[in-house]
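Visitor: The sequence and its predicted three-dimensional model are supplied below.
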Amino acid sequence: MKLIFTFSSLIIFLFFNSIAVAQSGSLDPSFADSGIFKFNTTLWNERPDAFTLTPDGKLLFVDEQNNLIRYFADGTPDTSFGENGNGIEKTNLSQNFYTSALAVDSTNRILIAGISMSKAFVHRFLEDGSKDLSFGDEGKVKL
């Protein structure tokens, strides 16, 4: 039997059941709950579209509604991130915007790349999740 995994299914698996493995192949007990991160669906129940680690080891996601979500490495929401102190920042990107990549630069600014109406865009946000208005046209660049 041949198994085929799509990028989305891999991200969803990693998102809902992230497991950290130490160099020896055993679980890394310093990551989340004894090496296993299980997403708290009571706070957020949207499908993740992109995931990255920040330079300081936090977990950063973009969901299908283009919200930014950040967790500490131990699996708890980063309450310093987002407007309501729950680790979620609503980006207010168009509903027609489809995220294809998420990255964090060397100064901890967040970059979201994607497509809207057949055009490619990059949006940039500050470390706290607020839009970086100094980037391009009000925080976005059309490619």
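Guide: Thanks, I have the structure now.
Visitor: ok, now which ones touch the residue nearest in space to the middle of the chain?
Guide: When the chain is reduced to its mean C-alpha position, the nearest residue by Cα atoms, centre = their mean turns out to be residue 61, at 1.4 Å. Applying Cβ atoms under 8 Å, 6 or more residues apart in numbering to residue 61 gives the contacts 15, 48, 50-51, 68-71, 102. C-beta here means a position set from N, CA and C on the backbone, and glycine is covered the same way.
Visitor: Residue 70 falls within a strand, correct?
Guide: Yes - with DSSP: H, G, I helix; E, B strand; the rest coil as the criterion, residue 70 is located in a strand.
Visitor: hang on, isn't it packed against residue 60?
Guide: Yes - counting by Cβ atoms under 8 Å, residue 60 is a contact partner of residue 70 at 5.1 Å.
Visitor: joint contacts of the two?
Guide: residue 54.
Visitor: Going by residue numbers, what spans are strands in the chain?
Guide: All strands of the chain, identified by DSSP state E, fall at 18-19, 36-37, 48-53, 59-63, 67-71, 88-90, 97-104, 110-116, 119-125, 140-142.
Visitor: okay, these in CSV with mean pLDDT and distance to residue 25 next?
Guide: Shown next, in CSV, are the strands of the chain (pLDDT from 0 to 100; distance: least, Cβ to Cβ, whole Å):
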stretch, mean pLDDT, distance to residue 25
strand 18-19, 50, 11
strand 36-37, 74, 15
strand 48-53, 86, 20
strand 59-63, 89, 22
strand 67-71, 89, 24
strand 88-90, 86, 34
strand 97-104, 92, 28
strand 110-116, 94, 32
strand 119-125, 95, 36
strand 140-142, 93, 42
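Visitor: As JSON lines, the ones you listed with distance to residue 30 would be great.
Guide: Formatted as JSON lines, these follow (distance: least, Cβ to Cβ, whole Å):
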{"stretch": "strand 18-19", "distance to residue 30": "13"}
{"stretch": "strand 36-37", "distance to residue 30": "12"}
{"stretch": "strand 48-53", "distance to residue 30": "14"}
{"stretch": "strand 59-63", "distance to residue 30": "14"}
{"stretch": "strand 67-71", "distance to residue 30": "15"}
{"stretch": "strand 88-90", "distance to residue 30": "25"}
{"stretch": "strand 97-104", "distance to residue 30": "21"}
{"stretch": "strand 110-116", "distance to residue 30": "24"}
{"stretch": "strand 119-125", "distance to residue 30": "28"}
{"stretch": "strand 140-142", "distance to residue 30": "37"}
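Visitor: Thank you, goodbye.
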